[in-house]
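Trainee: generate a structure from the sequence data that follows.
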Amino acid sequence: MTKKKKRSSHPFLQSAFFTQCVAFFLRLFVSMIASTLRVRIKGNEKIEKLLQDPSRPPLIIALWHNNLFLLPHLYRKVCKKEKATVLISKSRDGNIPSRLATSFKNIEVIRVGHLTRHEALKHFVNELLKGKIGVITPDGPKGPCYSVKPGILFAAKKSNALIIPLSWEASNVRKLRTWDKFKIPMPFSTLTASYGDPISANEEELKKALS
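Mentor: Numbering: from 1, shown residues only. So this is what the prediction gives:
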């Protein structure tokens with residue numbers, strides 16, 4: 001019995017034009033919802049104090065993959081114009097998130113391929129040592145959900161970085177049927193975002209801080 005060949009997606013769906021269009025409308029969608037939210041941020045004073053210290057160690061913001069929806073807006077509220085470096089998968093699934101992330105002026109993306117993961121992490125560490133703030137989803141890009149993968153711990157140890165946990169909850173939220181139960185706050189919700197105390201590269205501490 002011959003195996004059926006998997007149908008490849010239409011070339012247009014893989015084109016840079018399609019990716020750019022989807023990312024554009026996604027940004028509009030995210031910005032529209034964010035503009036209606038009543039946002040309260042906890043722990044921002046600790047991060048702002050660190051950012052004002054010229055001798056501070058490198059910083060990595062860590063959040064679970066299902067909290068990504070509001071990352072650009074929550075980051076900008078606290079870190080202002082500080083440059084951020086984000087790791088995103090080099091697979092086709094990462095094309096649109098990558099385009100969306102780079103549409104924000106203060107965000108740089110490093111694409112992570114399965115066979116070049118170590119080189120990408122080395123690049124990420126170098127950017128941390130230059131003073132950029134790193135952003136990692138410890139359980140991304142494909143899970144398991146709430147499982148800390150070694151990449152963030154490797155980067156933190158190599159750069160002597162502090163890890164800052166970030167999480168948010170909304171009074172009305174929709175969870176998608178994805179592996180991470182991706183969260184989208186509903187318009188006009190009350191949202192509470194929390195920046196936790198900086199921690200060292202410790203898996204158990206990180207899990208507890210993000211829970």
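Trainee: can you point out the buried residues in the longest strand anywhere in the chain?
Mentor: When the chain is parsed with DSSP state E, its longest strand is strand 162-170. Within strand 162-170, the residues that qualify as buried are 162-168, 170, counting by 16 or more other CB atoms under 10 Å. Placement of C-beta: from N, CA and C, glycine included.
Trainee: tell me the gap between the longest helix along the chain and the middle of its chain.
Mentor: When the chain is parsed with DSSP state H, its longest helix is helix 16-36. Mean C-alpha position of helix 16-36 versus that of the full chain (CA atoms, centre = their mean, to the nearest Å) differs by 16 Å.
Trainee: what do you get for stretch 171-191?
Mentor: The answer for stretch 171-191 is 16 Å, by CA atoms, centre = their mean.
Trainee: of the buried residues of strand 162-170, closest to T137?
Mentor: Comparing these against T137 with CB to CB places L166 closest, at 10.2 Å.
Trainee: which residue packs closest to the closest one, ignoring adjacent ones?
Mentor: L63 (4.3 Å; CB to CB, 6 or more residues apart in numbering).
Trainee: about what we covered before: contact partners of the longest strand of the chain?
Mentor: 37, 47, 50, 57-64, 67, 70-71, 74, 152, 156, 183, 185-186, 189-196, 198-201, 206, 209-210 (CB atoms under 8 Å, 6 or more residues apart in numbering).
Trainee: swap the cut-off to 6 Å and go again
Mentor: For strand 162-170, the surrounding residues in contact (CB atoms under 6 Å, 6 or more residues apart in numbering) are 57, 59-63, 67, 156, 185, 189, 191-196, 198-199, 209-210.
Trainee: likewise stretch 202-211?
Mentor: Residues contacting stretch 202-211 (CB under 6 Å, 6+ apart): 64, 148, 165, 167, 196, 199.
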